[in-house]
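Asks: Below is the structure, and that's it, no one-letter string:
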């Protein structure tokens, strides 16, 4: 199946008028001929191909492929996001052994909950596991993931050691057990049921982006106040205040990955449309074009968005490596300092914020940008502004 939309032969005697027929628009292109294919993306296809395939200037060191190329394939793209995703697909097909190095893809840092372990623990990783482990992310950097995991586990007593445990009452334990920050399953400091209950609390914390612990501490504080246990209530209030900057580290995209569903809205090559991309089941799918002309369809814009979401093709990504790469592409775009386009997330029940999406589509179509929520450094210990 051909990935690029257009294909045309390149005449060896191509002149300026021939190049003038090419679109002066963003595109991803592939040049075939003698030797290795040449694949790249550009903001102006006509100008780029004139440089690569025009008559070479005397004594110029600029790359010129005029005498090697016989065929040109290309697809116009409406956004940098679409160009990056299409370039990934072409490079993966054309250079199956070296495409990742060419793209400089860096796997997204994740927090992994090792539920397959007899005594589960958490760690930071860039690898997706096919076993029963749960993964949370993507984080902007490994430093951010490690800081969040460390700060979050301060509220729990799950172990932080990395060894496979063989509980022995004679084992001396570690500093965390001495500080009462671990249930110490290493020397049977707790029952198996008690440890599993604590792991369940940690998983609920990660699953809900901290909401479960916020509710738990709030309920305990209210109960302590009702019982006139004011010192206990003050301690719980202090914990809640300490929790706020921990949760402020989390960008909206960070969550349990097997539940992560995102819709990316980008400009299209056709001014009457926008391009929609969906991330679901660890896979980026799209683009699906959404017609914005009011007379094109009688339904409301919300209904048209809902219909477009239902028409996305099913994912064909099966390998763990490819899933990791799709997540890396999404993470790279999301954390750009000057991100173009907008992204929206479904809730745990799979419901989409349709009104917000419609407003976002309007902004993308008009070339406006949504005000970015301030982000906070993973190494900054000061609480965010309220």
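Replies: Now that the structure is in, tell me what you want to look at. Small disclaimer: the values here were computed from a predicted structure and weren't measured. Numbering: from 1, shown residues only.

Asks: how about the helices in the stretch 251-386 of the chain?
Replies: Along the stretch 251-386 of the chain, counting by DSSP state H, counting those that start in this stretch, helices occupy 301-310, 320-334, 354-366.

Asks: Okay, buried residues for the one helix or strand in the chain whose mean pLDDT sits lowest please.
Replies: One helix or strand of the chain scores below all others by mean pLDDT, DSSP states H and E: helix 175-178, with a mean of 87. By neighbour count on 16 or more other Cβ atoms under 10 Å, the buried set for helix 175-178 is 176, 177. Placement of C-beta: from N, CA and C, glycine included.

Asks: counting contacts, what elements does that helix pack onto?
Replies: Judged by 3 or more Cβ pairs under 8 Å, 6 or more residues apart in numbering; DSSP states H and E, helix 175-178 is in contact with no other helix or strand.

Asks: got a list of contacts for the helix or strand that comes right after that helix?
Replies: Counting by DSSP states H and E, the next helix or strand C-terminal to helix 175-178 is helix 192-207. Outside helix 192-207, the residues that touch it by Cβ atoms under 8 Å, 6 or more residues apart in numbering are 111, 113, 115, 119-120, 122, 134, 136, 152-153, 155-158, 183, 185, 190, 212-213, 216, 256.

Asks: Any of the residues you listed buried? List them.
Replies: 111, 113, 119-120, 122, 134, 136, 152-153, 155-158, 183, 185, 190, 212-213, 216, 256.

Asks: Inside strands: which ones of those residues?
Replies: Mapping the buried ones among the contacts of helix 192-207 onto strands (DSSP state E) picks out 111, 113, 122, 134, 136, 256.

Asks: what residues does stretch 260-276 touch?
Replies: Here stretch 260-276 makes contact (Cβ under 8 Å, 6+ apart) with 25, 76-79, 81-82, 253, 277-280, 286-293, 308-309, 312, 330, 333, 340-346, 350, 352, 357, 360-361, 364-365, 367.

Asks: And for stretch 119-129?
Replies: 106-114, 135, 142, 145-146, 149, 153, 158-162, 165, 185, 195, 199, 202, 257, 282, 320, 323-324, 327.

Asks: one more time with 7 Å
Replies: Stretch 119-129 is contacted from outside by 107-114, 135, 142, 145-146, 149, 153, 158-160, 162, 165, 185, 195, 199, 320, 323-324, using Cβ atoms under 7 Å, 6 or more residues apart in numbering.

Asks: Now do the buried residues in it.
Replies: Using 16+ other Cβ under 10 Å as the test for burial, stretch 119-129 gives 119, 120, 121, 122, 124, 125, 126, 128.

Asks: Next: stretch 281-298.
Replies: Residues of stretch 281-298 classed as buried: 281, 282, 283, 284, 285, 286, 287, 288, 289, 290, 292 (neighbour count, 16+ other Cβ under 10 Å).
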